[in-house]
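A.B. asks: no sequence on this one, just coordinates:
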DNA sequence: TATTGTTATACTCTATAACTATA
DNA sequence: TATAGTTATAGAGTATAACAATA
């Protein structure tokens, strides 16, 4: 890869990620809350402190975010059976439906963008998927 | 491209963009300010209102951000010669150096990640660059 | 009268410090 | 005494409304 090919690739990825976010965001739910919903969907029921660690936010801050989500009916809160200090946070049915719907909208937008490409271009992207995944996870 | 290949590609891009940001961010300068510096570097000297439009922020909000940047010596402010209502905002030399340094650090991190790939994998990514760019800009 | 920027004020999200309940 | 969560309070960053200066 040539000298500034790196920069071209990095810029293209950052720009595309920005477009995905701005085109598929649901402005009614702020990013901080949406991120918690997706974390609960991806990693399941968990305590306040594990959630705050995962989101790189302090417990008091996460507490407030969670309160909002519980008040909105998107998240459920329950005391843990084995340790009365801990609370178990999880998605409610409404929260789960919200996550599915958000995901569906993102995919719909992205699929529409892909449809404008040629078969050859889509083939190039298909080949790149595993490499991008490796890059994101290594 | 198969059914959920779209989703795989979208997820890989979003994850990779997140990693680029978290690994190369300069925590001393908040994202809102950094974004203004990059906009001035990319699009040159401009007024408060054009800057606020570009950043999708209200003029009072941008005014505050700009005040901070001027106080920090990263941005210069001057009354426009042809219209005394307008102000011209631009990068100072220090601001320009900051932008270069940030860019250099991002590239360094990303280049290091790419170095872990095989020649074949890098070739696949090279081929994908123009397609990703098209996707980000269409 | 319209436009450009600024000030006043309030709301949201985040943080640190201090507190309560449980282990 | 240590841990999980909460409350109190303060600092960014943003918004709307009202204002000042200039065109």
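C.D. replies: Yep, it's here. Keep in mind it's a predicted model, so treat the numbers as computed, not measured.

A.B. asks: Within the helices and strands, which one has residue A:35?
C.D. replies: Residue A:35 belongs to helix A:31-43 when elements are defined using DSSP states H and E.

A.B. asks: If you could redo that for residue A:102, that was the one I meant.
C.D. replies: Residue A:102 is part of helix A:93-115 when elements are defined by DSSP H and E.

A.B. asks: for the helix or strand bottoming out on mean pLDDT in chain A, the distance to its chain's centre please.
C.D. replies: Here the helix or strand of chain A ranked lowest by mean pLDDT, DSSP states H and E is helix A:5-24, holding a mean of 83. What separates the centre of helix A:5-24 from the centre of its chain is 16 Å, taken as C-alpha atoms, centre = their mean, to the nearest Å.

A.B. asks: Any buried residues in the helix holding residue A:35, and which?
C.D. replies: Residues A:33-34, A:36-37, A:39-41 are the ones in helix A:31-43 that count as buried (16 or more other C-beta atoms under 10 Å in any protein chain shown). To be clear about C-beta, it is placed using only N, CA and C from the backbone, and glycine gets the same treatment.

A.B. asks: tally of neighbours for the closest residue to chain B within chain A?
C.D. replies: Minimum separation of chain A from chain B (C-beta to the nearest C-beta) falls at residue A:17, amounting to 3.3 Å. Burial measure for residue A:17: 20 neighbouring residues, criterion other C-beta atoms under 10 Å in any protein chain shown.

A.B. asks: before we move on, what about the one 5 residues further on?
C.D. replies: Taking other C-beta under 10 Å as the neighbour definition, residue A:22 ends up with a count of 9.

A.B. asks: likewise residue A:7?
C.D. replies: Residue A:7 has 14 neighbouring residues, counting by other C-beta under 10 Å.

A.B. asks: wait, it sits on residue B:107?
C.D. replies: Yes: at 5.5 Å, residue A:7 and residue B:107 qualify as touching, with contact defined as C-beta atoms under 8 Å.

A.B. asks: Now residue A:58. Nearest residue, chain neighbours left out?
C.D. replies: Here the nearest residue to residue A:58 in space, its sequence neighbours aside, is residue A:52; by C-beta to C-beta, 6 or more residues apart in numbering or on different chains that works out to 6.3 Å.

A.B. asks: Quick check: which element contains residue A:60?
C.D. replies: Residue A:60 is part of helix A:59-71, with elements assigned from DSSP H and E.

A.B. asks: I misspoke; the intended subject was residue A:128.
C.D. replies: Residue A:128 is located in helix A:119-137, with elements delineated by DSSP H and E.

A.B. asks: what's the average pLDDT for that helix?
C.D. replies: Model confidence over helix A:119-137, given as mean pLDDT, is 93.

A.B. asks: In three-state terms, label residue A:53 for me.
C.D. replies: Classification of residue A:53 into helix, strand or coil gives helix, according to DSSP: H, G, I helix; E, B strand; the rest coil.

A.B. asks: Could you check how many residues crowd around it?
C.D. replies: 14.

A.B. asks: residues in chain A within reach of DNA strand C, list them.
C.D. replies: Counting by C-beta under 7 Å from any atom of the strand, the positions of chain A adjacent to DNA strand C are A:30, A:32-33, A:56-58, A:60-61, A:64-65, A:68, A:83-85.

A.B. asks: Would you mind giving those as TSV with distance to residue A:128 and pLDDT added?
C.D. replies: Supplementary listing: those in TSV, determined by distance: C-beta to C-beta, whole Å; pLDDT from 0 to 100:
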residue	distance to residue A:128	pLDDT
A:30	32	87
A:32	31	90
A:33	32	93
A:56	29	91
A:57	33	94
A:58	38	96
A:60	42	97
A:61	37	96
A:64	40	96
A:65	35	96
A:68	39	95
A:83	46	96
A:84	50	96
A:85	47	97
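
A.B. asks: Weed out the non-buried ones from these.
C.D. replies: Buried subset of those (neighbour count, 16+ other C-beta under 10 Å): A:33, A:57, A:65.

A.B. asks: Let me have those residues in a markdown table, adding distance to residue B:100 as columns.
C.D. replies: Formatted as a markdown table, the entries for these read as follows, by distance: C-beta to C-beta, whole Å:
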| residue | distance to residue B:100 |
| --- | --- |
| A:33 | 36 |
| A:57 | 31 |
| A:65 | 36 |
